[in-house]
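S.K.: Here is my input, please return the structure:
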Amino acid sequence: MTPRIKVLMIIGVIVLCLIAVLYVTSELIILGGFVDLEDQNMRQNVHRATDALSDDISNLNSKTGDWAAWDDTYNFIEDVNPTYINANPSDNSFITINVNLMVFINLSGNIVYEKAFDLENNTEIPFPKSLHEHLSAGALLLNHSDPESPDLTGIVLLPESPIFLASRPILKGDGKGPSRGTLIFGRFLDQVEIDKIAKMTDLYVTTGRIDKPLPSDMKEIGSLINENAPIAVSVREPQSHTISGYTILKDIYGKPALILRVDTSRAIYEQGKKTVNYFLATFLLFCMIFGVVIFSLSDRLGISKIAHKQSEERYRAVVEQASEGIVLVDAETKHFLEANAAFQDLLGYDSSQIFGLTLYDVISGDREIIDGYIQKIKNENNNFLGEQQYRRMDGSAVDVEVSANVISYSGKDVLCIVVRDITERKRTEKMRLEKELIESANRAKSEFLATMSHELRTPLNSIIGFSELLQRGIGGKLNDKQMHYIKNIHTSSKFLLDLINDILDLSKVEAGKIELVIEKIPVEYTLDETISLLKERALQHKIRINKDLDPHLEFIEADRQRFIQVFFNLLSNSIKFSKPEGGTITIAAKKVDDMAEFSISDTGIGIKPEEIDKLFLRFQQADSAISREYGGSGLGLAITKELIELHGGKISVHSKYGEGTTFSFVLPISAKKPH
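M.R.: Numbers count the residues shown, from 1 in each chain. Prediction:
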């Protein structure tokens, strides 16, 4: 066996081993990257489909709002004028605004007018009776007695078909109240609507109802979708050419209603396979050429030139495809010699403009400083790495990270500069620093308040204790004037201690350091316990406290101490701002779905409309004159609001000046216990 054959065999074995290694590596890295890209693309397609559905619902809500805030509709709901019916909810109106049904409901919950229409056949159809179950008194869709009530939109599952609904309060043409009822528009989410969305997004879209038997793939994948992973991607069969993305659509009540599936071809994955095969085929071809070169020494020079040219082309292709800007600059004249597409796009120039510029035209800074950097790199053969500002063609500045070094190009020294846009990184870093400053300030404030509260509580508790002992006559009998002074000292000290406790509670809420101890507490017993704490104060103000409790609301999961604190603050407010002749306070509680609604109504002095917005602000009271007369720190309602929201609830107030005030708030009956 000749040496030439031996060399050729060794080269062949090495090539085969390299091909095997490259095949495994490319399958894991390159093809794996295409699989990740395919997954990301599928998730974007699911978002596109859900965005299209959201746009449909938003469009329906906008049309509902146009009709609901209209003087003709406002008058019709009151006088049921037949002229309005003949002129407005006609067949042409349904076709024009693209809806399947309309329902007009007054404040009493009675349906004034309803109509359903088949948009495909352009004919009126019977109104779906199953929708009436969602329009009963107290239903979520009819919660529009307040003109400021939020719009309600979403999906409702009817036996006939899923349907998009939009519910708006019926108001005057200027959008003001009082509300006279509710207007509901609906559009069936049938196959026609799904096909329209599919055509709009250029995707194949299907849906499955959760309340009915689902296809096996939807049933299996549905269990994998949750709040942390709202979208799931799956290839239904190992050799399938289709990939599917799934997500769950919730109904108007926040419950899962439909599973949306989007199907697309696996074009990205197939392209990945082709890329891997092309890469391996190219490598094999290169190895064969290399073997021929070794075998045929006579062609060595020619093959070397070809290899050099191929290497240069590959290098140019890599530079052009790079995401960072890459540019070659003459170290003497500072003119641009080469610039890839990324660099041109970064500065806004095209190839015909960029090569007429110098480094001075794009770098913000003094020429002497720029020349100094370049000279230092040339003398020390050093690599420059730092941040600079470049000027775009439009004159705006962009923050960049620059890496530069000297290379030999066409027989002369040139600067090879790699530029990366760091605008987003700068913005993120600025936000991080601002956040750290805010957190540091909050920690310092909380520590200061905690320290000051401790330092003030100790002497105040002593003052309160000794003043109580003096009032009991422990230190000897006091005359009337002395007793009056001691009572003032005791009252003022108690007020200061309550104020300090309120400030400390508020600082804990702001710092997120209040830990709720969630437990199952009896509603009526806990309310009675709170009332007993204020019984004497109520008698002094001639206040009678009534209760109106829903027997179905027996227990609620909440922090017992904070629950009592909320009611104590609200009841104290009602007693404090009562009229001189006394009055009544009514505590009401009822169960609404999975929420508990509470209200405290009084017949006190009430609040002026322009002062209501100040109620929940810290250290503020509705009226400075009232503050001077009745006292108070202005923190009680602010703490109450924070505690209710900490439980996942919401508080509101309704008042009529001179007649009384009602504070209402809702809490979830079953609370999520903290980890």
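S.K.: now the strands for the stretch 201-350 of the chain?
M.R.: 204-209, 231-234, 242-250, 256-265, 325-330, 336-339 (DSSP state E, counting those that start in this stretch).
S.K.: what mean pLDDT would you report for the fourth one?
M.R.: Just to be clear, that refers to strand 256-265. Strand 256-265 shows an average pLDDT of 91 in the prediction.
S.K.: for the protein, what's the longest strand?
M.R.: Ranked by residue count under DSSP state E, the longest strand found in the chain is strand 397-409.
S.K.: what is the rounded mean pLDDT of the biggest helix by length in the chain?
M.R.: Ranked by number of residues, the top helix in the chain under DSSP state H is helix 423-471. Averaging pLDDT along helix 423-471 yields 79.
S.K.: Could you check the angle it makes with strand 397-409?
M.R.: 140 degrees (axes from the mean of the first three to the mean of the last three Cα atoms, to 10 degrees).
S.K.: list the helices and strands helix 423-471 packs on?
M.R.: Packing contacts for helix 423-471, counted by 3 or more Cβ pairs under 8 Å, 6 or more residues apart in numbering; DSSP states H and E, involve strand 397-409, helix 480-511. Glycine gets a C-beta too; all of them are placed from N, C-alpha and C.
S.K.: just to revisit the earlier point, among the strands of the stretch 201-350 of the chain, which comes closest to residue 611?
M.R.: Proximity of those to residue 611 was assessed by Cβ to Cβ; the nearest stretch is strand 242-250, lying at 39.1 Å.
S.K.: shaky segments in the stretch 301-450 of the chain?
M.R.: 301-312, 315, 318, 380-382, 442, 445-447, 449-450 (pLDDT under 70).
S.K.: run the last query once more with 80
M.R.: Residues of the stretch 301-450 of the chain that meet the criterion pLDDT under 80 lie in 301-321, 351, 364-366, 372-373, 375-385, 408, 410-411, 439-450.
S.K.: Next secondary structure after the helix or strand of the chain with the lowest mean pLDDT?
M.R.: One helix or strand of the chain scores below all others by mean pLDDT, DSSP states H and E: helix 624-630, with a mean of 51. Later in the chain than helix 624-630, the nearest helix or strand by DSSP states H and E is helix 636-646.
S.K.: pLDDT on that following helix, on average?
M.R.: Here the average pLDDT along helix 636-646 is 88.
S.K.: Let's have the strands of the stretch 201-350 of the chain in CSV, adding distance to residue 18 and mean neighbour count.
M.R.: Converted to CSV, the strands of the stretch 201-350 of the chain look like this (distance: least, Cβ to Cβ, whole Å; neighbours: other Cβ atoms under 10 Å):
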stretch, distance to residue 18, mean neighbour count
strand 204-209, 42, 18
strand 231-234, 34, 19
strand 242-250, 32, 19
strand 256-265, 33, 19
strand 325-330, 29, 21
strand 336-339, 32, 19
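S.K.: So for residue 636, which of those sits nearest?
M.R.: strand 242-250 (37.4 Å).
S.K.: separation between residue 173 and residue 66?
M.R.: Distance of residue 173 to residue 66, given as Cβ to Cβ, to the nearest Å: 10 Å.
S.K.: returning to what we had before: against which helices or strands is the longest strand of the chain packed?
M.R.: Using 3+ Cβ pairs under 8 Å, 6+ apart, the elements in contact with strand 397-409 are strand 325-330, helix 341-347, helix 367-380, strand 384-391, strand 412-421, helix 423-471.
S.K.: Swap in 10 Å and give it another go.
M.R.: strand 325-330, helix 341-347, helix 359-362, helix 367-380, strand 384-391, strand 412-421, helix 423-471 (3 or more Cβ pairs under 10 Å, 6 or more residues apart in numbering; DSSP states H and E).
S.K.: now those as TSV including distance to residue 610?
M.R.: Compiled in TSV, the helices and strands packed on strand 397-409 are given as follows (distance: least, Cβ to Cβ, whole Å):
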stretch	distance to residue 610
strand 325-330	58
helix 341-347	54
helix 359-362	57
helix 367-380	60
strand 384-391	50
strand 412-421	51
helix 423-471	31
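S.K.: Out of these, indicate the one that is most buried.
M.R.: strand 325-330 (a mean of 21; mean count of other Cβ atoms under 10 Å).
S.K.: Please list the residues outside that one that contact it.
M.R.: 318-320, 335-347, 354, 357-359, 362, 374, 390, 400, 402-404, 407, 409-410, 412-421 (Cβ atoms under 10 Å, 6 or more residues apart in numbering).
S.K.: Beta-bridge partners for the closest residue to residue 107 other than its chain neighbours, please?
M.R.: With Cβ to Cβ, 6 or more residues apart in numbering as the criterion, residue 107 has its nearest non-adjacent residue at 5.3 Å, and that residue is residue 181. For residue 181, the beta-bridge partners are residue 106 (DSSP bridges).
S.K.: Next, count neighbours for residue 181.
M.R.: For residue 181, the neighbour count with other Cβ atoms under 10 Å is 26.
S.K.: Who are the packing partners of the helix or strand harbouring residue 524?
M.R.: Applying DSSP H and E as the criterion places residue 524 in helix 523-533. Judged by 3+ Cβ pairs under 10 Å, 6+ apart, the packing partners of helix 523-533 are strand 518-522, strand 543-549, strand 555-559, helix 560-576, strand 583-592, strand 595-602.
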